[in-house]
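Participant: coordinates only, no sequence provided:
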C-alpha cells in the first residue's frame, strides 16, 4: 500500500515506522508544511520521499492526517473534495466534534475514518518518532457508521498492524472522555510546572531536589503548545467542566489543610489510591 | 558495621539492600511495629534478623529511622535518651522542622544526623524495596552543624555507598523546598486521580483510554496515605502556600479558556515547557 502522511512528527513518524515494519506500507510519502521536518524525516528514513500535497494525493491509497488539530480543520474538507472512491483518509487527532461537524454533510464523508490512537509522548517532531509507540494501546474509531465499511477495514488494518486494539465512540462521547482522561492530565501538568517555576526561583534547587516522582508528574508539561492549544480550543467546554472539578478537588485538600482535618485528608488519599486498580 | 533499620518498608528495605551490596553493613537488624512486615523482610532477605528495639539498639553502631513521620516524633526523643557516644542515628524523613525543633536541646542531639534521601516510588512496604533506588539521587543533610562530625561522616558513608550525592540545607529551607518540589506533586496527583474518578464513572473507559501520559501524571496518586498524611500535617504551612499558587495557576488556565484567550494559553504552555531545561 502506498501511504501518504501529512504532518510527519511524533505520531505521523511513529506510524510510518510501524507501517514499514509490518510490511503494510510499501512506500511512504511525507507531506509537511515545514521543509525542515521533511528533511529530517528523509534523513531518519521515516519516509521514502516528500511530495507536495496534490501529487501525493494522486499517488496514495491511504492518506493519514497527523497535523495539529487546527490545520486539520482546513485540510480535511479540501482532501474530501479531492479524494477518490478507492482512497481512504484517516486522521489521528485528539478532538473530533468540531472536525466531524464540519464535514458531516460532505458527499465524500464515507472515505474518511476518524481515528484516535491513544498513544504519545511529551516530545514532538520527526526526531521524536519511535518504534512500537502504538503497541498494546487503544485506537478509538469515532462515528464509524459515517464511514464506508471498506474504509473502516483499511483503518483497522493500519492501526491493527501497529499493534493497537479498538474501541468505538461517537464524537461527543469521545471528546468528553478524552477531556476526562487525557486533556486534564496535560493541564494539571502544565500548571504544576508553572507552580514550581513560580515558587522555586532557585532553579538549581529544583534540579537537585527533584525526585523521579516530580519528574513523572510534570512529564507532560514538556508537551508542545502548538499541538495542545488547538485541542483545548476545540474541546473547550468539556475541558472547562473537568478543570472545574479538578480545582474543586484541590480546594478541598486546601480546606482540609486549613482546618487540620487530617482524617478527612487520609480518607481522600485512600480514595485516590483506587486509581491503581483501574490502571492495572 | 551492624545496622538497625526501624521501619522496614520501601526506603528502609531498599537501603538494607544497598548497604549489604556495598559491604558497608555486615549485619542488618530489622525493627518494625508490624510483625508481618518483619516476616516479609526476612523472607526477602532484606534483613538478617528482627529484634525488639531495645535489643537492637544495644547491638547496632548505626540506627536508621525509616518510619512514617508521625512515628518519628515519638521514636527519636526516646532513641536519643538511650543512644551511646559511639552510636549514630540517622533518619530518612521528608519533613524536618517539627522533628528537629523537638530534639534541638537534647543533650545527645549530636548523635543524630537528619537526612532526606530524595528517592522513592509510589509503592510501600518491604515488598516495594528495590536495588539501586538511591543511585544518582540527592541526599539532603539538614542542620549538619548540630550533629557531631563523626556522625555526619557515618551518614555520608551510608548514603554515599548507596550512590547518592549530597546537599546541605537548614530545616526551614528543607521543608520549604520539599513542599515546592515534592509535596505539591503528590497533592496534584491525588487530586487528579480524584477528579478522574469523580467525572469518569465508567471505569472501563479510564482503563481503555488512559494513555501512558495519564498514567505518568497520576503515578504518585498510588502513594500511601499513612506515609503522606503525617508529611502534610508537619509541613502544612509551606504546603498550603504552594497549593494556593497551584490553584491560582489552574484558575488562570480556566479564565483563559472562559475568555477564549488561546494566545495567552499558548504563552503559558511555552513557559511551562521551561521545566524541561531544568530537569535535564
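Facilitator: Sure thing, it's come through. Here the structure is a predicted model, which means the values were calculated and not measured. Numbering: from 1, shown residues only, chains lettered A, B, ... in the order given.
Participant: ranges for the strands of the stretch 101-250 of chain A?
Facilitator: Along the stretch 101-250 of chain A, counting by DSSP state E, counting those that start in this stretch, strands occupy A:112-117, A:138-142, A:165-169.
Participant: next, see if the last one gets close to chain B.
Facilitator: Going back to what we said before, that points to strand A:165-169. Yes: using CB under 8 Å from any CB of the partner chain, strand A:165-169 reaches chain B at residue A:167. For the C-beta atoms, the positions are set from N, CA and C on the backbone; glycine is no exception.
Participant: what pairs with that strand, and is each one parallel or antiparallel?
Facilitator: Strand A:165-169 has the following strand partners under DSSP bridges: strand A:138-142 (parallel).
Participant: got the contact list for the partner strand?
Facilitator: Contacts to strand A:138-142, defined as CB atoms under 8 Å, 6 or more residues apart in numbering or on different chains, come from residues A:96, A:100, A:113-118, A:152, A:155-156, A:159, A:164-171, A:174, B:208-209.
Participant: how about the residues of the stretch 51-200 of chain A near chain B?
Facilitator: Going by CB under 8 Å from any CB, the residues of the stretch 51-200 of chain A near chain B are A:118-122, A:137-138, A:140, A:167, A:177-178, A:180-182, A:184-200.
Participant: now, of those residues, which are buried?
Facilitator: A:118-122, A:137-138, A:140, A:167, A:177-178, A:180-182, A:184-197, A:199-200 (16 or more other CB atoms under 10 Å in any protein chain shown).
Participant: picking that back up, winner for burial among the strands of the stretch 101-250 of chain A?
Facilitator: strand A:112-117 (a mean of 25; mean count of other CB atoms under 10 Å in any protein chain shown).
Participant: other SSEs contacting that strand?
Facilitator: helix A:69-82, strand A:88-91, helix A:97-103, strand A:138-142, helix A:149-161, helix A:171-178 (3 or more CB pairs under 8 Å, 6 or more residues apart in numbering or on different chains; DSSP states H and E).
Participant: tell me who's in contact with residue A:20.
Facilitator: residue A:28.
Participant: quick one: it from residue A:48, how far?
Facilitator: 9 Å (CB to CB, to the nearest Å).
Participant: shared neighbours, those two?
Facilitator: The contact lists of residue A:20 and residue A:48 share residue A:28, where a contact means CB under 8 Å, 6+ apart.
Participant: I'd like the helices and strands packed on strand A:112-117 as TSV, with mean pLDDT appended.
Facilitator: What follows is the helices and strands packed on strand A:112-117, written out as TSV (pLDDT from 0 to 100):
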stretch	mean pLDDT
helix A:69-82	97
strand A:88-91	98
helix A:97-103	98
strand A:138-142	97
helix A:149-161	98
helix A:171-178	96
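Participant: the longest helix anywhere in chain A near chain B at all?
Facilitator: Counting residues, the longest helix in chain A under DSSP state H turns out to be helix A:236-258. Yes: against chain B, helix A:236-258 shows contacts by CB under 8 Å from any CB at A:236, A:239-247, A:249-251, A:253-254, A:257-258.
Participant: got a ChimeraX select line for the buried ones in the residues you listed?
Facilitator: In ChimeraX, this line selects whichever of the residues of helix A:236-258 next to chain B come out buried by 16+ other CB under 10 Å:
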select /A:236,239,240,242,243,245,246,247,249,250,253,254,257
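Participant: so what touches the helix-or-strand element of chain A with minimal mean pLDDT?
Facilitator: Least confident helix or strand, chain A: helix A:203-209 with a mean of 84, by mean pLDDT, DSSP states H and E. The contact list for helix A:203-209 (CB under 8 Å, 6+ apart) reads A:196, A:200, B:118, B:138, B:140, B:167, B:177-178, B:180-182, B:275, B:278-279.
Participant: can you add distance to residue B:8 and give those residues back as TSV?
Facilitator: Putting the contacts of helix A:203-209 into TSV (distance: CB to CB, whole Å) gives the following:
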residue	distance to residue B:8
A:196	32
A:200	33
B:118	20
B:138	23
B:140	22
B:167	27
B:177	28
B:178	23
B:180	30
B:181	27
B:182	23
B:275	35
B:278	35
B:279	31
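Participant: determine which two of the residues you listed are furthest apart.
Facilitator: Using CB to CB, the contacts of helix A:203-209 span at most 20.7 Å, a distance reached by B:140 and B:275.
Participant: dump the strands of the stretch 101-250 of chain A into a markdown table; add distance to residue B:266 as well.
Facilitator: As requested, these are exported to a markdown table (distance: least, CB to CB, whole Å):
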| stretch | distance to residue B:266 |
| --- | --- |
| strand A:112-117 | 23 |
| strand A:138-142 | 26 |
| strand A:165-169 | 28 |
